Structures are given as structure tokens and as C-alpha cells.
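Student: structure for this input, please:
(chains A and B)
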There are 2 protein chains.
Amino acid sequence: VLGFVTTVVGNVIQEQREKRRLSRFFSPAVVSKLIRSHDADDALSSERRVVTVMFSDIRGFTSMSEHMAPEQVQAFLREYLGTMTRAVFDHGGTVDKYVGDAIVALYNAPYDMPDHAVQAVRTALEFQERLGPLRRRFGQVLGSDIRCGVGIHTGEALVGSLGSELRLEYTAIGDTINLGSRLEGLTKRFDVPIIISEATYREVRGQFRTRALGEVGVRGRAEAVQVYAVLGPADGTSDVEGPPASAPATAGADR
Amino acid sequence: VLGFVTTVVGNVIQEQREKRRLSRFFSPAVVSKLIRSHDADDALSSERRVVTVMFSDIRGFTSMSEHMAPEQVQAFLREYLGTMTRAVFDHGGTVDKYVGDAIVALYNAPYDMPDHAVQAVRTALEFQERLGPLRRRFGQVLGSDIRCGVGIHTGEALVGSLGSELRLEYTAIGDTINLGSRLEGLTKRFDVPIIISEATYREVRGQFRTRALGEVGVRGRAEAVQVYAVLGPADGTSDVEGPPASAPATAGADR
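Tutor: Prediction:
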């Protein structure tokens, strides 16, 4: 009897642990699917696939945080990252990692999602909306003007459980990911909240109001990348494509 | 009896889970200490403290990985990150995170370590040594010349369990961390494997052969930062301080 009990208890706890581990990365729907597949590790083995990657960052958070009490930083991050992670999950995305206040999210992984680029852009718009209540709650501590920059790119990446035996994480690597990060860096220079690449733009065209920002050189890429600002959901009229804004020459961010 | 059994089994599994979670970040010695303290979460609550931060990166790994089979990338990363994580732990360091092939490690956290800067530099030298066998094993796949760049800086940072309720991680944020990352980026431009800041240099002076590289401007910092290459362990003679190498004007990396 004892053996049976420990097995049952062990299994339940094992499953809970698995669920907990997976819920760091995946939306509840994906976690259920992975647990049901009884072979999560196989489902998460590494492969090359097309993904849309979204990088987000709070402008100037590092310098803000230097003037805050550690408990305040902790409380704000918990609230902010929790809120935005729910937004990612609501759109079927996967959270690759946090880097301080930055969030890296993937769409179309681990499972196919035909409208992955659209879902990523919708998430980015929702980030801007969800900042409002946080601004009101934490404005006194943070200063009233917390703003969030988001970069989105679509392309092939190597995705899967990568890391050491101590620490396997569902993550993505490759030029596609690096370019996503660089686009996020560009939001500061163009002073717009959301920038998407040409590749993402092609996938979402007509579904959002956008503005062409012109071509930018990106370190490590021979060809310039055409980038667009996303202004909001489509309002019935077609894309707003004004003249390119005056553009900085080169995206210098290094990751 | 059943209740007692489940409690005992539950406790054992709980402790194992805790150990597993903590061993992602901390060396076995620190994990034992944290488990013994019976209040790991308190020990890991956020605080400002002086740390030495080490960023390491494999030069050109992204482009290498684009030509490798996913299984090869996975196998190499597992071996490389495992090997280097053991080197960090051997010197009492804490692994904050992996970002693809990059490793971020902290010294003097969560527990005091008087010679944290020295241990970080020793780890960096050991990284270079441990690359040898990996180069021989994976040379055919990776090309013969895998090289690793390391940036090290010492200063105050906010350290502790940060993140959302889904995902708390022992990590560090602040200008100190950002500068560490930028120094790692500089190793490419100076073509040296290890670069340390003036602040780290002051802590380790006389213990390693170093070369002053001159001052570099770093985006987001008003004052230029004096940086040094670490050439090897001290060989009895004092620091080698040759004339500054010709230096690029500004460290442009953005994280």
C-alpha cells in the first residue's frame, strides 16, 4: 500500500512540477496540450521554424530603478511582468525570457499559429493599453511617464529546449531574434512605441495602421531593413503610409 | 498513516524541487547553505549590493549556428554551457542567465565573497582554457576557431529574486550590469579575450597580467571608462602596462 501511495503522490507532484516548469514559458492552453501529449520534451526538441519574435522594454527603466527602493523595483516588476505576460499568453504567445524589465516573446512556437505575426502586433498594442493602469498605480514611484518600446520581426529561428543539463529553457536563437532586439532598440531613436520589420509588415498588412519609417542599416546585415511603425488597429481605411520619417542611419544595438 | 506518509514524501519531493530550482543559479555549496537556512526566499530577497558581473559570449556563434543542424547546436550548447557553468561554480559564482550562448554570472551574491573580482577574472581565464577541449571536440562542426569574449565590471547593483509570480529568477539589474555587457561587446573591437573595467582593475591589481586599453566612451554614461585587457595570471613581475592600444571611440552595444 505504501508503495502505491508514494507512486500516486509522486505522480501527482511530478505532474504539478512539470506544469509549473512549463507555465514559465507557455500559455495555460499550451501547457495543457503539452501535458496531455505525455511527451513534452519531445514536443520541445529543437528545430528550425518560422516565428514572430517580440522584444519589449521600458524606456529608461534602469535609470529609474537606480532611484527606487529595492522593494519598489521588485513590486513594480512583479506587477508589470505579470500583466504583460498575461497579455502574451492571451494572444497565444510564448515567453522566452525576461531580462530585467525586458520581455522576449515568441509566436508560432511550440505549436503552429497561422496568424502569428498579427497576434504579436496585437500583443504589442495591448502592452501600450495595459501600461495605463500601471502608470496610475506606480506613477508616483516611477515618474508619470513610463513608456514601453516594442520591436517585432518574423523569420526562421532555431527554437527548442536549449541550455545546459542544469538549466534547459525553451528559447530561440538566430539572426531573426537578434534583428527583433535591434528593432526594439530603434523605437527610442524614432520615438514610436512599436516598430515592425518588412517581413512582419507583409504578414499583417491591412490589419493595422502603420507608417513606413524608411530603411535602416543593421550591423551584421549586408542589406538595409525596411521598418514600419504600428499606430493602431486598422480603422477601415487602408494603411497610413506617410513619407518616411527622417531616419537614423544604422541600428547599432549589439544584441 | 497515509497522511504522515504523504507529508514525508511531500517534504522530500518539495526539498528536491527546491534544490533543483536553486541549482539553476547557485553552486552546490551555496545551494546547501540556502537549503539549510530554511528560508531561501528571504536570503534571496532583493537588495543593493556590490557585485562583480561577468558577461561571456562566443564570437560569431549566431552565424555559425545558422549552418549547423539543430541537434548539433543543442548538443554543443549543452556541453559548452555545462562546462562553463561548472567553471563559474568552481569559483563561487552565481549564474544569472544564459542568453543563447552567452552567460551572465555574478560574484559576491547571494553571499559575501571578499575576493569577488579576483574570482570573476579567474573564471574568465579558465573559460579560455576550457575552450581547448571543446574546440577539439566540436571543431569539425563549428570551424576550428571558436573564441570567447568576456567583459567584467564591479559595482553596485540591485540583486535578488525578480520577475513575475510565474517566474522568479535570481538576477541583477542596474547600470553596473549594463556596463558589464558593453565591456564584453568591446572584446571584439579590441580583439582581446577579456576586458575589465577600472573598478574591477582596482580590485585585482597585481594578481594578473593586464594591459591598459585606454578610455572608452560608453553610451548612457557621461564619463569615459578606463578599460584593461587581462592577459593571464601574474607571473611574478608586476602588471604589464604597455601603451594604450588604438581604441574605438564609443562602446555602442545597447544592453
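
Student: buried ones in the longest strand along chain A?
Tutor: Longest strand in chain A, counting residues (DSSP state E): strand A:148-164. Buried residues in strand A:148-164, counting neighbours by 16 or more other CB atoms under 10 Å in any protein chain shown, are found at A:148-155, A:157-164. The C-beta positions use only the backbone N, C-alpha and C, and glycine is treated the same way.

Student: ok, now stretch A:80-99?
Tutor: Buried, per 16+ other CB under 10 Å, within stretch A:80-99: A:80-81, A:83-85, A:87-89, A:91-99.

Student: and the closest residue to residue A:176 other than its chain neighbours, bridged to which residues?
Tutor: Distances taken as CB to CB, 6 or more residues apart in numbering or on different chains place residue A:155 nearest to residue A:176, at 3.6 Å, with adjacent residues excluded. Going by DSSP bridges, residue A:155 is paired in beta bridges with residue A:51.

Student: so residue A:155 makes contact with residue A:172?
Tutor: No - look at residue A:155 against residue A:172 with CB atoms under 8 Å: they stay out of range, at 10.4 Å.

Student: mutual contacts of those two, please.
Tutor: residue A:51 (CB atoms under 8 Å, 6 or more residues apart in numbering or on different chains).

Student: which SS state does residue A:88 fall under?
Tutor: In three-state terms, and counting by DSSP: H, G, I helix; E, B strand; the rest coil, residue A:88 is helix.

Student: with adjacent residues omitted, what lies nearest to it?
Tutor: Excluding its sequence neighbours, the residue lying closest to residue A:88 (CB to CB, 6+ apart) is residue A:105, at 4.6 Å.

Student: repeat for residue A:231
Tutor: residue A:209 (4.2 Å).

Student: for that neighbour, pull up the helix or strand it's in.
Tutor: Assigned by DSSP states H and E, residue A:209 falls within strand A:208-218.

Student: neighbours around the nearest residue to residue A:100 once chain neighbours are set aside, how many?
Tutor: Leaving aside its sequence neighbours, residue A:100 sits nearest to residue B:173 (CB to CB, 6+ apart; 4.2 Å). The number of residues packed near residue B:173 is 24, by other CB atoms under 10 Å in any protein chain shown.

Student: if we can go back for a sec, the residue nearest to residue A:231 pairs with what?
Tutor: residue A:232.

Student: ok, residue A:194 touching residue A:148?
Tutor: No - if you go by CB under 8 Å, residue A:194 and residue A:148 don't touch, sitting 9.1 Å apart.

Student: who touches both of those two?
Tutor: residue A:128.

Student: run through chain A and note the low-pLDDT ranges.
Tutor: Across chain A, the ranges flagged by pLDDT under 70 are A:1-2, A:4-6, A:144, A:236-255.

Student: ok, the residue positioned nearest the centre of it - contacts?
Tutor: When CA atoms, centre = their mean is applied to chain A, the residue found nearest the centroid is residue A:105 (2.7 Å). Residue A:105 sits next to A:53, A:54, A:56, A:88, A:93, A:94, A:95, A:96, A:120, A:123 when contact means CB under 8 Å, 6+ apart.

Student: next, it: secondary structure please.
Tutor: The three-state label given to residue A:105 by three-state DSSP is strand.

Student: where along the stretch 51-200 of chain A do the strands fall?
Tutor: For the stretch 51-200 of chain A, applying DSSP state E, counting those that start in this stretch gives strands covering A:94-99, A:102-107, A:148-164, A:167-173, A:194-197.

Student: between the ones you listed, which gets nearest to residue B:188?
Tutor: strand A:167-173 (18.2 Å; CB to CB).

Student: same for the closest one, what does it pack against?
Tutor: Strand A:167-173 sits against strand A:94-99, strand A:148-164, helix B:70-90, strand B:94-99, with contacts defined as 3 or more CB pairs under 8 Å, 6 or more residues apart in numbering or on different chains; DSSP states H and E.

Student: mind putting these in CSV, distance to residue B:204 included?
Tutor: Formatted as CSV, the helices and strands packed on strand A:167-173 follow (distance: least, CB to CB, whole Å):
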stretch, distance to residue B:204
strand A:94-99, 27
strand A:148-164, 27
helix B:70-90, 17
strand B:94-99, 19
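
Student: for residue B:228, which of those is the nearest?
Tutor: With CB to CB as the measure, helix B:70-90 is the member of the helices and strands packed on strand A:167-173 nearest residue B:228 (21.1 Å).

Student: and the closest one, what does it pack against?
Tutor: Partner elements for helix B:70-90 (3+ CB pairs under 8 Å, 6+ apart): strand A:148-164, strand A:167-173, strand B:47-58, strand B:94-99, strand B:102-107, helix B:116-142.

Student: and the spatially closest residue to residue A:197 that is not a sequence neighbour, what does it touch?
Tutor: Closest residue to residue A:197 apart from its sequence neighbours, by CB to CB, 6+ apart: residue A:153 at 4.3 Å. By CB under 8 Å, 6+ apart, the contact set of residue A:153 is A:52, A:53, A:176, A:179, A:180, A:183, A:196, A:197, A:199, A:200.

Student: between which two of those is the distance greatest?
Tutor: Farthest pair in those, by CB to CB: A:176 and A:196, 13.1 Å.

Student: rewinding a little: nearest to chain B among the buried residues of strand A:148-164?
Tutor: residue A:164 (3.8 Å; CB to the nearest CB).

Student: does that closest one really touch residue B:78, like I thought?
Tutor: Yes - using CB under 8 Å, residue A:164 makes contact with residue B:78 at a distance of 5.8 Å.

Student: which of residue A:176 and residue A:196 has more residues huddled nearby?
Tutor: More neighbours surround residue A:196 than the other of residue A:176 and residue A:196, with 31 against 23 (other CB under 10 Å).

Student: surely that one touches residue A:180?
Tutor: No - look at residue A:196 against residue A:180 with CB under 8 Å: they stay out of range, at 9.6 Å.

Student: what touches both of the two?
Tutor: A:151, A:152, A:153.

Student: wait, the first one touches residue A:55, no?
Tutor: Yes - in this structure, residue A:151 sits in contact with residue A:55. The criterion is CB under 8 Å, and the distance is 4.7 Å.

Student: overlap of the contact sets of these two?
Tutor: Jointly contacting residue A:151 and residue A:55 under the rule CB under 8 Å, 6+ apart are A:180, A:181, A:183, A:184.

Student: which of those residues sits closest to chain B?
Tutor: residue A:181 (7.8 Å).

Student: ok, what's across the strand from the nearest residue to the closest one once chain neighbours are set aside?
Tutor: The shortest distance from residue A:181 to any non-neighbouring residue, by CB to CB, 6+ apart, is to residue A:55 (5.0 Å). Residue A:55 forms beta bridges with residue A:104, residue A:151, as assigned by DSSP bridges.

Student: could you check how far residue A:55 is from chain B?
Tutor: 10 Å (CB to the nearest CB, to the nearest Å).

Student: ok, now which ones touch that residue?
Tutor: Applying CB under 8 Å, 6+ apart, one finds that residue A:55 lies in contact with A:102, A:103, A:104, A:150, A:151, A:152, A:180, A:181, A:183, A:184.

Student: the second one touches residue A:85, doesn't it?
Tutor: Yes - in this structure, residue A:103 is within contact of residue A:85 by CB under 8 Å, at 7.2 Å.

Student: find residues that contact each of the two.
Tutor: residue A:95.

Student: quick one: contacts for the closest residue to residue A:87 other than its chain neighbours?
Tutor: On the basis of CB to CB, 6+ apart, the spatially nearest residue to residue A:87 that is not a chain neighbour turns out to be residue A:126, at 4.7 Å. By CB under 8 Å, 6+ apart, the residues touching residue A:126 are A:87, A:90, A:91.

Student: got those residues as CSV, with distance to residue B:189 columns?
Tutor: Below are the contacts of residue A:126 laid out as CSV (distance: CB to CB, whole Å):
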residue, distance to residue B:189
A:87, 38
A:90, 42
A:91, 39
